[in-house]
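Engineer: sequence unknown, structure follows:
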Ligand code: MLC
Ligand code: AMP
């Protein structure tokens, strides 16, 4: 299968591409909500125009950033599409982010406008225009989508990092459209597909992978505000495609009534953002007859590899490079290692971001001399070309599909009086895959409790970054270079069941 491309001469604006695919489906339902509201594709076009007009009326210029921290809703999707249409740069923010996290994004990205919940307005002080989703109601429903170049920025998505400071991945219209086209073709979307959408829409999985493929397909999208096994099971019989993080599949399997009948109309279950346990894949197959398709990607690159639509979906692997994308496993000197060898996964293609926002020095380090992006993931190709992710060079915990960078937690913990030093690490967790745990060394004489430590992080960082468990140690295990041995901490404390 060749790389799917945009026809020559076409506007490279991502919205123009999506609209070219749903133009013939104006009266078909695009979004169907739990409360019964429905929006046709014509209405999506009209409602997104209102947001484009609202922002344009405020005097925003092409390339200006629009920060968005709102609950998942149809209006949030209209706002996203409106930004694309008007050439503004969409900056999605997890609703769990707290004031301190937001202030870094605002300071770094300098958005010209922010959409947020009324109670969060203070977090966006300094932004010229703070708005809410209701503010577009009186705007015109017609807007002519601007012409964008392939290299124009469409979104900036922040991702934390090993330094503890979040970096903005700059994503162009071409990055997003090339990946959407590749996935749409690779996963063989069909005319009557119905997407059951339960993922959050402030990260790449829910916002790009799920939404773009469905919009390209002029599909009906059953939009749930969040993942909850009950509503998902109720809607599966009306759906054909579902995408989730492994926790969603673990939770569905935990429901005794979840069965094959519910899934009889389904054609595709996709998993990603975190490793899918081979046992989950097997159990899911035994229960439903479906083999979950696992794929691999990241914010900076979109999706890189996928198990095949037809052919063997191999447990414990993330499949093959997507058409048009080069994926290599590299050793010292960035030289590719052969099948069976372990090295860093590196990626090159139209999906890969041009770099991090305002971090030119960082960008030099993140790309190889021959233009491959260093993912920080460790992988191995088998003899048949399937890629497995065998570890991570980056110190990262993935909990329920959300990334937690230990350094960020440690920086916050070290501010707490009474803490001499700390180490954050991931331990196995049946529901979240990994759960965050911290080891704290108290200062001599200091009295610290687990509640105090947890309470200190709560309110400063997003709730999913709050440690599930704390251990107090007299010292942290270190190697001769002074580096904290997180594997040792994991081995010593990982068996202890983290609090639910
Ligand atoms: C919620 N909590 C979590 C958590 N989610 N803790 C650790 N890890 C998580 N992922 C905590 C809350 O802080 C709260 O704690 C308690 O759990 C209940 O919160 P909740 O909101 O009721 O949880 P729930 O709705 O059950 O959410 C769990 C979840 C959700 C798994 C459904 O986290 C989720 O939808 N994750 C998907 C993340 C995702 O989209 N990742 C894609 C990133 S893109 P307390 O103490 O307050 O009670 C990417 C690239 C790629 O990675 O390849 O796709
Ligand atoms: P994010 O920064 O949130 O985009 O997360 C990207 C990271 O998630 C990748 O670098 C991987 O470490 C991890 N990831 C994504 N998909 C998978 C997968 N299928 N299996 C294992 N890890 C994954």
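Structural biologist: Looks like it came in fine. Just so we're clear, the structure is a prediction, and the values are computed from it rather than from any experiment. Numbering: from 1, shown residues only. Ligands and ions are numbered 1, 2, ... in the order given.
Engineer: List, one by one, the residues from the stretch 401-500 of the chain near ligand 1.
Structural biologist: 401, 402, 432, 463, 464, 466 (C-beta under 6 Å from any ligand atom). (Glycine included, C-beta is placed from N, CA and C.)
Engineer: So the nearest residue to the second one once chain neighbours are set aside, which state does it fall into?
Structural biologist: Translated: residue 402. Among residues not flanking residue 402 along the chain, residue 464 sits closest, at 4.7 Å (C-beta to C-beta, 6 or more residues apart in numbering). Put simply, residue 464 is helix when judged by DSSP: H, G, I helix; E, B strand; the rest coil.
Engineer: Counting neighbours, what do you get for the residue in the stretch 401-500 of the chain that ligand 2 sits nearest to?
Structural biologist: Per C-beta to the nearest ligand atom, the residue of the stretch 401-500 of the chain with the smallest distance to ligand 2 is residue 403, at 4.3 Å. Neighbour count for residue 403, taken as other C-beta atoms under 10 Å: 19.
Engineer: Same question for residue 100.
Structural biologist: 12.
Engineer: now residue 189
Structural biologist: 22.
Engineer: For it, give its distance to ligand 2.
Structural biologist: 20 Å (C-beta to the nearest ligand atom, to the nearest Å).
Engineer: same question, residue 65
Structural biologist: Taking C-beta to the nearest ligand atom, one finds residue 65 at 19 Å from ligand 2.
Engineer: who's that residue bridged to?
Structural biologist: residue 89 (DSSP bridges).
Engineer: Surely it is in contact with residue 109?
Structural biologist: Yes: counting by C-beta atoms under 8 Å, residue 109 is a contact partner of residue 65 at 4.9 Å.
Engineer: More neighbours: those two, which one.
Structural biologist: residue 65 (26 against 21).
Engineer: ok, now which ones touch the more buried one?
Structural biologist: Contact analysis of residue 65 by C-beta atoms under 8 Å, 6 or more residues apart in numbering lists 88, 89, 91, 109, 110, 111, 112, 156.
Engineer: Show me how to select, in PyMOL, the buried members of those.
Structural biologist: In PyMOL syntax, the buried subset of the contacts of residue 65 is picked out as below (16 or more other C-beta atoms under 10 Å):
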select buried, resi 88+89+91+109+111+112+156
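Engineer: Which ones among the contacts of residue 65 map onto strands?
Structural biologist: The strands, defined by DSSP state E, take in 89, 91, 156 from those.
Engineer: Strands along the stretch 301-450 of the chain, start to end?
Structural biologist: 302-306, 320-321, 326-330, 342-348, 355-356, 373-381, 387-392, 397-399, 402-404, 419-429, 433-442 (DSSP state E, counting those that start in this stretch).
Engineer: quick one: buried residues of the fourth one?
Structural biologist: Which is strand 342-348. 343, 344, 345, 346, 347, 348.
Engineer: got the contact list for that strand?
Structural biologist: So strand 342-348 is contacted by 301, 304, 325-331, 334, 336-337, 368, 370-380, 387, 389-390, 393 (C-beta under 8 Å, 6+ apart).
Engineer: at 6 Å instead, please
Structural biologist: 301, 304, 326-331, 337, 371-375, 377, 379-380, 390 (C-beta atoms under 6 Å, 6 or more residues apart in numbering).
Engineer: buried subset of those?
Structural biologist: Counted by 16+ other C-beta under 10 Å, the contacts of strand 342-348 give 301, 304, 327-330, 337, 372-375, 377, 379-380 as buried.
Engineer: farthest-separated two in these?
Structural biologist: 301 and 337 (20.1 Å; C-beta to C-beta).
Engineer: quick one on the thing from earlier: what is the most widely separated pair among the buried residues of strand 342-348?
Structural biologist: Farthest pair in those, by C-beta to C-beta: 343 and 348, 15.1 Å.
Engineer: what secondary structure does the nearest residue to residue 207 once chain neighbours are set aside sit in?
Structural biologist: Nearest residue to residue 207 in three dimensions, chain neighbours excluded: residue 201, at 4.7 Å (C-beta to C-beta, 6+ apart). Under three-state DSSP, residue 201 falls in the coil class.
Engineer: what about residue 324, how many neighbours?
Structural biologist: Considering only other C-beta under 10 Å, residue 324 is surrounded by 17 other residues.
Engineer: Begin at 43, not 1, for the rest of this chat.
Structural biologist: Fine by me, first position is 43 from now on; the one you just mentioned is residue 366.
Engineer: which phi and psi does it have?
Structural biologist: Dihedral pair for residue 366: phi 90, psi 0, per degrees, to the nearest 10.
Engineer: Check residue 224 too.
Structural biologist: Main-chain torsions, residue 224, degrees, to the nearest 10: phi -60, psi -40.
Engineer: That one touches residue 363, doesn't it?
Structural biologist: No: between residue 224 and residue 363 there is no contact under C-beta atoms under 6 Å: 10.1 Å.
Engineer: In the stretch 343-492 of the chain, which residue sits closest to ligand 1?
Structural biologist: Counting by C-beta to the nearest ligand atom, the stretch 343-492 of the chain gets nearest ligand 1 through residue 442, at 2.4 Å.
Engineer: Am I right that residue 100 is in contact with residue 169?
Structural biologist: No: Residue 100 is beyond contact range of residue 169, at 11.3 Å (criterion: C-beta under 6 Å).
Engineer: Pick out whichever of the two has more residues nearby.
Structural biologist: Legend: neighbour count by other C-beta under 10 Å for residue 100 and residue 169, higher for residue 169 (20 against 15).
Engineer: Could you check what's spatially nearest to the more buried one, not counting adjacent residues?
Structural biologist: Going by C-beta to C-beta, 6+ apart, residue 169 has residue 156 as its nearest residue, at 4.4 Å.
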